[in-house]
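[1] Model the structure of this input:
(2 chains)
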Amino acid sequence: MAFDFVPILIQALVAIIIAVGVIVIAHLIGSRNPTPAKLAPYECGMSPVGQAWRRFPIKFFLTAMLFVLFDIEVIFFVPWAAVLRHLRAGGSEYVLFALGEMAVFVGFLALGYVYILKKRALEWEA
Amino acid sequence: MNGIFGLDGRTWDIILAIITASIKAFVIVNGLLLAFAYMTLSERKVLGRMQARYGPNRAGPWGILQPIADGIKLAFKEDVTPRQANRWIHLLAPCLALVPALIIFAVIPLGPEMEVFGVPWTWHVARVNVAYLYAAAIASVGVYGIVLAGWASNSKYALLGGLRASAQVISYELAQGLAAMTAIVMAGSLDLYEIVNQQVASGLPYALYLPFGLVAFVVYVIAGVAEANRAPFDLAEAEGELGAGFHTEYSGFKWSMFFMAEYVNMINISALASVLFLGGWWPIPTDAPGVVQALGPVVFLVKIALFMFMFIWLRATLPRLRFDRLMSLGWKVLLPVALVNLIGTATVVALWPLGTWPFAN
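    Numbering: from 1, shown residues only, chains lettered A, B, ... in the order given. Next up, the predicted model:
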């Protein structure tokens, strides 16, 4: 079973070799002629003002947190989705149980979703 | 095969499998890069035609040498790392974008497993039982490349572009995952080969399982366009407002690696959409005679090409969305639609009379 993944590792190796090789080749044959203006960050020709590493809108952070919460809930669907069809072999009560359990889970998910809607966490302009 | 070089049959089989996998991986990775090169040419050609002009037609007949000329030009360009940037992360980011894009294709089954003169032959590098999960997981590693590129450049445009891109990609990942789950519920497997097999066996790709399959397919494709940062969802590199977005501070081959990653990701998304909803090599039967089976990869590649054309067509047709509308489309439209659709599919799959088409067995 674990051997199934060996070809993927080989492909990863090939991809890494190509990525690194491309950078090395470009570094060897590319021209190099740095000037202070060239090494400055691009700001439409103005002299750069300060660093870019400073505070940014909290909205992006909020989106990332909501993503983590919802993505974990999506991941919970994966094993359930893969076995749902096969549960029927054991009898209809199993598959109905699985469906009911998922309905409860989705209920909680929907509750959380309505909560963030009401809190206007998804309003970009709020 | 027994007793060659004093190795027993099993060791020899393993060595043979590794050699086969290496050759396949090499061919797939280079094929993807070649497809990327000619995708750039065909995109410029098609966009040109859609705007009533010719597109590149100087380098070679019909401009077919244009990608090679572009490649050579890029290789000789200066590789600038801005003074204020974080040098190592600036270097790492393009690799983190490109490598995941190149390895997803390992699990895509291009055609049915067949026998050539008695020797088993497969059209995929690896067949793993959690293939979809693998593809989704690796695809989300790609977002690190964008985030780190935006942050490491220490440029305001790059940072804003990186933030936008990451917020967009993670938001659409939810809808995409739920839409893909619809196909998984119908197939009852995470193995992409098995998912295609189920569609071929039932004679109908999942996109035609009305209404749920079609809705999931449409949600998947819209989310896929957003995942690839393509027009009309290319907010990350909205040139009118952000310079070039997260790769503003990149030049030469490091810049072109982001470009490669974007196009290879488009190919991956097209391939996954074909597998999950268009039935891969459908309508070629999996157990057809060898010659017919060999048409499977051809059918598959035609489906991918159609998706690629759609990507270009969308870019030529649709204006860019506003950022708040982009986010509300992902969170308030696609996510609930995909969720309701998944529950509907699950109910149908669970209650469908046993032994009848299409959810037999």
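[2] Tell me who's in contact with residue B:82.
    By CB atoms under 8 Å, 6 or more residues apart in numbering or on different chains, the contact set of residue B:82 is A:39-41, B:90, B:153-155, B:249. C-beta here means a position set from N, CA and C on the backbone, and glycine is covered the same way.
[3] what are the ranges of the strands in the chain?
    No chain was given, so I picked chain A. When assigned using DSSP state E, chain A turns out to have no strands.
[4] that's the wrong chain, I meant chain B
    Using DSSP E, strands in chain B cover B:114-116, B:119-121.
[5] Please tell me how far residue B:328 sits from residue A:119.
    As judged by CB to CB, to the nearest Å, residue B:328 and residue A:119 stand 15 Å apart.
[6] Who has more neighbours out of these two?
    Using other CB atoms under 10 Å in any protein chain shown as the criterion, residue B:328 and residue A:119 rank with residue B:328 on top: 17 against 10.
[7] Provide a list of residues in contact with that one.
    Here residue B:328 is in contact with A:122, A:124 (CB under 8 Å, 6+ apart).
[8] residues in contact with stretch A:47-56?
    Contacts for stretch A:47-56 (CB under 8 Å, 6+ apart): A:40-41, A:43, B:84, B:151, B:153-156, B:158-160, B:163.
[9] Buried subset of those, written for ChimeraX?
    Buried members of the contacts of stretch A:47-56, defined by 16 or more other CB atoms under 10 Å in any protein chain shown, are picked up in ChimeraX with:
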select /A:41 /B:84,151,153,154,155,156,158,159,160,163
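[10] can I get the contacts of stretch A:47-56 in JSON lines with pLDDT?
    Conversion of the contacts of stretch A:47-56 to JSON lines gives the following (pLDDT from 0 to 100):
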{"residue": "A:40", "pLDDT": "84"}
{"residue": "A:41", "pLDDT": "84"}
{"residue": "A:43", "pLDDT": "80"}
{"residue": "B:84", "pLDDT": "86"}
{"residue": "B:151", "pLDDT": "90"}
{"residue": "B:153", "pLDDT": "88"}
{"residue": "B:154", "pLDDT": "86"}
{"residue": "B:155", "pLDDT": "87"}
{"residue": "B:156", "pLDDT": "87"}
{"residue": "B:158", "pLDDT": "88"}
{"residue": "B:159", "pLDDT": "89"}
{"residue": "B:160", "pLDDT": "87"}
{"residue": "B:163", "pLDDT": "89"}
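[11] Out of the contacts of stretch A:47-56, list just those in helices.
    Using DSSP state H, the members of the contacts of stretch A:47-56 that fall within helices are B:151, B:156, B:158-160, B:163.
[12] Can you get me a residue count around the closest residue to residue B:341 other than its chain neighbours?
    Spatially, and ignoring its direct neighbours in sequence, residue B:341 is nearest to residue B:215 (4.8 Å; CB to CB, 6 or more residues apart in numbering or on different chains). By the criterion of other CB under 10 Å, residue B:215 has 21 neighbours.
[13] One more: residue B:90?
    For residue B:90, using other CB under 10 Å, the count is 21.
[14] Please report how far it lies from chain A.
    Using CB to the nearest CB, to the nearest Å, residue B:90 is found at 11 Å from chain A.
[15] doesn't residue B:81 make contact with that residue?
    Yes - between residue B:90 and residue B:81 there is a contact under CB atoms under 8 Å: 5.5 Å.
[16] any residues in contact with both of those two?
    Shared contacts of residue B:90 and residue B:81, counting by CB under 8 Å, 6+ apart, come down to residue B:249.
[17] ok, residues contacting the lowest-mean-pLDDT helix or strand in chain A?
    The weakest-scoring helix or strand in chain A, judged by mean pLDDT, DSSP states H and E, is helix A:36-39 (a mean of 84). For helix A:36-39, contacts defined as CB under 8 Å, 6+ apart pick out B:80-83.
[18] I'd like those as TSV, with pLDDT appended.
    Converted to TSV, these look like this (pLDDT from 0 to 100):
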residue	pLDDT
B:80	87
B:81	88
B:82	88
B:83	87
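[19] Tell me the one among these nearest to residue B:16.
    Here the nearest of these to residue B:16, counting by CB to CB, is residue B:81; it sits at 44.3 Å.
[20] For the closest one, list the residues it contacts.
    A:39, B:87, B:90-91, B:249.
[21] for chain A, which spans come out with low pLDDT?
    A:1, A:126 (pLDDT under 70).
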